[in-house]
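> Sequence below, structure please.
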Amino acid sequence: MKKYNLIIVLSLFIGSVFGQGIDQQKMEKDLKVAQTVLNSFVNENSSKHWSSDREKETQYIEGYGVILSLPKRNVFGFGFSAEMPPMPPMPDISNAIAKSFEVIEDMQIDMADEEVDAEMRAEMEQERAERRKELAERQAELENRAAIAMERAQFKLQEMDSMRAQKNIDNTENVIDFLLDYGHLISQLDDSDKILVMAKGHDVRFYQDAGIVERIKTNRLSVEANMRDIRAFQAGKIDREEAKSRIVVTEKKEAKPLAKDLTLFQTILKRLYARDLSETYYLHGGMPYEQIEGLGVIFYMNMVSSVQESARWNVPTQDKQNLSQEERDNLIKSLYPKFEKELKKNIIEYGKSVKSLSDAEQLIFKVSITKCAKCEIPSSLELQLKGKTLNELNAGKLNTDQALSEIKVSKGELQ
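Numbers count the residues shown, from 1 in each chain. Prediction:
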């Protein structure tokens, strides 16, 4: 009897594990398809979208759901304002020009040593008066032309703002239609998961080339739906209007800055993984982030290891020069376990200074690992740490080892 009970328990356990597991290959395929469909919806079936690798800007985050990127080609900007600053007054140059002419004329008379009688002086003054009048008329004409150009520019900006506003409304509806009609195709998501479509801002790349995103403040649109509502609509349990009413649309005029403690935490990690201080791999391109309400903060770390000079390699963090490809690869491979272990340790050790995260929020680290062909090390690493873990660590409810065990680790395909 005990034998059968054990079999039943093991069966339930195995079923639970596999039921909660995610087929990463299928998820990646679903995300690529979903992003392509979204691009088509928003760009009105255009076959041309982004030139960058968009699959890197779609991601699944366990316990949260999926984040898709709002296509960059369409007009979602709110950067222009219909209220232009007033044009500064145009300097009146007519008087200066007139005086210049008069000075030159007087100089010519003096140099010729001529005497000007009263009649000639009167004619000269008459000519100067006519010249001043003509110059003043030209000044007035220039000012009038400038005013007309300014008025036309103002009208054009108002027209562009109006177009953007309408485009924003239309495309928000397109995103909502995409979520309701195609969101269910990301089939592995739990009912409690979300699908978030959000504008990333300019030049945001996941894993690489994203250093400038921290300096960019831009208007951002996000549209968020719960999988439970999407599936309820697909099953006919709620109608379209009810489903649409449950979708959250948010427009923010400026990206929210990181809290001071998170900024300090980011600064510390950037310094720890600078080329001159790291003992394994080092950061390239800064440490950009995405702050998502209800989720927390995602930090992006592009880790590199070596510099190639001709056919030889230098590894700065190890003070190694003139290595062959094989020597370099063996060294880089040997450094990976230490890198992963130290990164987790540093996150916990310096994460103690972070007090602003709620229990429900997370710190997520998306790490691109240095290239190393046939080294059998991951191409990427993702670490997730709950705010609850940090708060309990700070409150003395967890020790460092317990907090380390709470970090969820996901690794990409082996190189």
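> going forward, measure contacts and count neighbours with C-alpha atoms only.
OK.
> The stretch 301-415 of the chain: strands as residue ranges?
Counting by DSSP state E, counting those that start in this stretch, the segments of the stretch 301-415 of the chain that form strands are 307-309, 312-315, 320-323, 362-368, 380-386, 408-411.
> Buried ones in the second one, by neighbour count?
Under the neighbour-count criterion of 16 or more other C-alpha atoms under 10 Å, strand 312-315 has Trp313, Asn314, Val315 buried.
> Could I get these in CSV, plus columns for pLDDT and distance to Leu135?
As requested, the buried residues of strand 312-315 are exported to CSV (pLDDT from 0 to 100; distance: C-alpha to C-alpha, whole Å):
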residue, pLDDT, distance to Leu135
Trp313, 96, 71
Asn314, 96, 71
Val315, 97, 71
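> I'd like those written out as a markdown table, with distance to Glu123 added.
Shown next, in a markdown table, are the buried residues of strand 312-315 (distance: C-alpha to C-alpha, whole Å):
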| residue | distance to Glu123 |
| --- | --- |
| Trp313 | 87 |
| Asn314 | 86 |
| Val315 | 87 |
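> any idea which of those is closest to Gln188?
Val315 (41.5 Å; C-alpha to C-alpha).
> ok, for the closest one, nearest residue in space, not its chain neighbours?
Of all residues not flanking Val315 in the chain, Ser306 sits nearest, at 4.4 Å (C-alpha to C-alpha, 6 or more residues apart in numbering).
> quick one on the thing from earlier: among the strands of the stretch 301-415 of the chain, show me which one is buried the most.
With neighbours taken as mean count of other C-alpha atoms under 10 Å, those reach their highest mean count in strand 362-368, at a mean of 22.
> which helices and strands does that strand pack with?
Using 3 or more C-alpha pairs under 8 Å, 6 or more residues apart in numbering; DSSP states H and E as the contact criterion, the secondary-structure elements in contact with strand 362-368 are strand 296-304, strand 380-386.
> and these as JSON lines, adding mean pLDDT and distance to Tyr289?
JSON lines is the format used below for these (pLDDT from 0 to 100; distance: least, C-alpha to C-alpha, whole Å):
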{"stretch": "strand 296-304", "mean pLDDT": "94", "distance to Tyr289": "4"}
{"stretch": "strand 380-386", "mean pLDDT": "94", "distance to Tyr289": "14"}
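> What are the boundaries of the strands in the chain?
Counting by DSSP state E, the chain forms strands over residues 59-61, 65-69, 194-198, 220-226, 248-252, 282-283, 289-292, 296-304, 307-309, 312-315, 320-323, 362-368, 380-386, 408-411, given from the N-terminal end onward.
> ranking those strands by mean pLDDT, which is last?
For the strands of the chain, mean pLDDT drops lowest on strand 248-252, to a mean of 84.
> helices or strands up against that strand?
So strand 248-252, by 3+ C-alpha pairs under 8 Å, 6+ apart, packs with strand 220-226.
> how far is the strand it packs on from where the chain is centred?
Relative to its chain's centre, strand 220-226 lies at 15 Å (C-alpha atoms, centre = their mean, to the nearest Å).
> Tell me which of the helices and strands packed on strand 362-368 lies nearest to Asp229.
Evaluated with C-alpha to C-alpha, the helices and strands packed on strand 362-368 place strand 296-304 nearest to Asp229, the distance being 22.8 Å.
> Sheet partners, orientation included, of that closest one?
If you go by DSSP bridges, strand 296-304 pairs up with strand 282-283 (antiparallel), strand 289-292 (antiparallel), strand 362-368 (parallel).
> Out of those strands, the one nearest Asn144 is which?
Counting by C-alpha to C-alpha, Asn144 lies closest to strand 289-292 out of these; the figure is 48.4 Å.
> buried stuff in that closest one?
Neighbour-count burial for strand 289-292, with 16+ other C-alpha under 10 Å as criterion, is recorded at Tyr289, Glu290, Ile292.
> thought the residue nearest to Val315 was touching Asp319?
No: taking C-alpha atoms under 8 Å as the contact criterion, Ser306 and Asp319 are not neighbours in contact, 10.3 Å apart.
> Of those two, which one has the most company?
Comparing Ser306 with Asp319 by other C-alpha atoms under 10 Å, the one with more neighbours is Ser306, at 21 against 9.
> residue contacts, that one?
Taking C-alpha atoms under 8 Å, 6 or more residues apart in numbering as the contact definition, Ser306 lies against Trp313, Asn314, Val315, Pro316.
> How is the protein divided into domains?
Under automatic domain parsing, the residue ranges defining each domain of the chain are 24-255, 256-415.
> and those domains, which is most packed in?
domain 256-415 (a mean of 17).
> in the stretch 1-150 of the chain, which segments are predicted with low confidence?
Regions of the stretch 1-150 of the chain meeting the criterion pLDDT under 70 cover residues 1-20, 44-57, 72-92, 94, 98, 105, 108-116.
> bridging residues for the residue lying closest to Gln35 once chain neighbours are set aside?
Of all residues beyond its chain neighbours, the one nearest Gln35 is Leu68 (6.5 Å), with distances taken as C-alpha to C-alpha, 6+ apart. For Leu68, the beta-bridge partners under DSSP bridges are Val197.
> Thank you kindly, that will do.
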